[in-house]
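1. just to be clear, the model below is a prediction. Sequence and coordinates:
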Amino acid sequence: MRRGREIASLARATIAVALLTAANGCRCRGEKVGDKRALACAEVASKSEHKELDLGEGRRLVRDGVRATISGASAEAPVAVTSFEGGAADLTLPAVSAVFVVGLGGLPRDALAAALTALGKRAPVVAVMGPGDDVDGARAAISDAGARVIDGSVARAFTLAGVELVTLPGSDDAASLADHGRGCVLRADDVRALAQLLGPKSKPRVSLSYASPSRDPARPVATDALTDVTALLVSGPLDRDSPGELAIAPGAPVPLIPVPRARAPRTTSSPGVIAPGYLLVRAEGANLMLKREP
């Protein structure tokens, strides 16, 4: 009897994920990357649709194609950015308009759903898959976690706290893709399509990705295709230090900033250590403000 209920529950969740995928125009095609297989997780839908979703507590996700905002969120509240790489944690947060989790740590469905649900009690959560995450399993966990958890491979450009936050899930680096063949691959064509839809930035724009841009112009990577940004926040490998606090003026050089992990510390090139925590992101006038916590 119990086995039958489990099978029925799994079937319902599978159907729900399939319907969500179909509704958003994502076919999640298999791709060959080096000697590995993966699923294209960042496809841009061919049709721009208007959708609204009740997030509770007077907040609604309002989405037009790739663009989204959260109505009812305080315009002054910053956005928190963290990562589940190295493990999930239920962070203690100040008042924030949303939490972006960039890289889901390859967690199994039940554990990921529980972690996202706990964090969603504090603020709406945008979950952004990394290359080691099982695309179907992660989407099922996002569905399990409820309306306050948003799939960052579907809604891609959020205007919050005076900033445009653009999600770039996955990676096109074969070394970082999961061996199971269901990891999240970011394709340059999908990033170019997204950049074309977004156009020139009209406010501070931050890219949120697992993968860093290329350091070799002769060997470009997918994230290079989004060029008009104010800062790049990277949750995957990035061998550099993170400032405790940073103000970025219009026209300033574009910094690469490591995203703190929710549970595990990050080592840097100093060598230093970035303690577990998160980044707070907001605009102050025309400037982009970043602050690392704790």
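-> All right, it came through fine. Numbering: from 1, shown residues only.

2. quick one: contacts for the nearest residue in space to residue 162 that is not next to it in sequence?
-> Distance criterion CB to CB, 6 or more residues apart in numbering; nearest residue to residue 162, sequence neighbours excluded, is residue 283 at 3.0 Å. Yep, even glycine has a C-beta here, placed from its N, CA and C like the rest. The neighbours of residue 283, taking CB atoms under 8 Å, 6 or more residues apart in numbering as the test, are 161, 162, 163, 203, 204, 289.

3. element containing residue 283?
-> Per DSSP states H and E: residue 283 is located in strand 278-284.

4. how distant is the helix or strand following that strand from the center of its chain?
-> Sequence-wise, the next helix or strand downstream of strand 278-284 (DSSP H and E) is strand 287-293. Centroid separation for strand 287-293 versus its chain: 18 Å, with CA atoms, centre = their mean, to the nearest Å.

5. then strand 287-293 to PDB, C-alphas only?
-> As requested, the backbone C-alpha atoms of strand 287-293 are provided in PDB (Å, rounded to 0.1, in the frame of the first residue of the first chain):
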ATOM      1  CA  ASN A 287      25.600  52.800  -7.900                       C
ATOM      2  CA  LEU A 288      25.500  49.000  -7.300                       C
ATOM      3  CA  MET A 289      26.100  48.100  -3.700                       C
ATOM      4  CA  LEU A 290      27.500  44.700  -2.600                       C
ATOM      5  CA  LYS A 291      28.000  43.600   1.000                       C
ATOM      6  CA  ARG A 292      29.200  40.300   2.300                       C
ATOM      7  CA  GLU A 293      27.500  38.800   5.400                       C
END
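
6. elements contacting that strand?
-> strand 245-248, strand 278-284 (3 or more CB pairs under 8 Å, 6 or more residues apart in numbering; DSSP states H and E).

7. contact partners of it?
-> 78, 80, 163, 204, 206, 230-231, 242-250, 257, 260, 274, 277-283.

8. tell me the strands beside that strand, with direction?
-> Sheet pairing for strand 287-293, assigned by DSSP bridges, gives strand 245-248 (antiparallel), strand 278-284 (antiparallel).

9. would you list the ones you listed in TSV and tack on mean pLDDT?
-> Shown next, in TSV, are the strands paired with strand 287-293 (pLDDT from 0 to 100):
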stretch	mean pLDDT
strand 245-248	96
strand 278-284	97
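
10. residues of stretch 66-83 that come out buried?
-> Across stretch 66-83, burial judged by 16 or more other CB atoms under 10 Å covers 66-70, 72-73, 77-83.

11. from those, which land in strands?
-> 67, 68, 69, 70, 79, 80, 81, 82 (DSSP state E).

12. after the helix or strand hosting residue 113, which helix or strand is next?
-> Per DSSP H and E: residue 113 is located in helix 109-120. Note on helix 109-120: by DSSP H and E, the next helix or strand toward the C-terminus is strand 125-128.

13. how about the strands of the stretch 151-294 of the chain, start to end?
-> Along the stretch 151-294 of the chain, the stretches classed as strands by DSSP state E, counting those that start in this stretch are 157-160, 163-168, 184-185, 205-209, 231-234, 245-248, 256-258, 266-267, 273-274, 278-284, 287-293.

14. who does residue 62 bridge with?
-> Counting by DSSP bridges, residue 62 is bridged to residue 52, residue 69.

15. and it, what's its pLDDT?
-> Looking at residue 62, its pLDDT reads 96.

16. again with residue 28
-> Model confidence at residue 28, expressed as pLDDT, equals 55.

17. nearest the geometric middle of the protein, what residue?
-> Residue closest to the average C-alpha location in the chain (CA atoms, centre = their mean): residue 128, at 2.7 Å.

18. related to what we said a few turns ago, PyMOL command for the buried members of the contacts of strand 287-293?
-> The buried subset of those, as determined by 16+ other CB under 10 Å, is captured in PyMOL by this line:
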select buried, resi 78+80+163+204+206+230+231+242+246+248+257+260+274+277+278+279+280+281+282+283
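
19. that older thread, reformat the contacts of residue 283 as JSON lines; add pLDDT and distance to residue 113.
-> JSON lines is the format used below for the contacts of residue 283 (pLDDT from 0 to 100; distance: CB to CB, whole Å):
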{"residue": "161", "pLDDT": "97", "distance to residue 113": "27"}
{"residue": "162", "pLDDT": "97", "distance to residue 113": "31"}
{"residue": "163", "pLDDT": "98", "distance to residue 113": "28"}
{"residue": "203", "pLDDT": "96", "distance to residue 113": "33"}
{"residue": "204", "pLDDT": "97", "distance to residue 113": "32"}
{"residue": "289", "pLDDT": "98", "distance to residue 113": "32"}
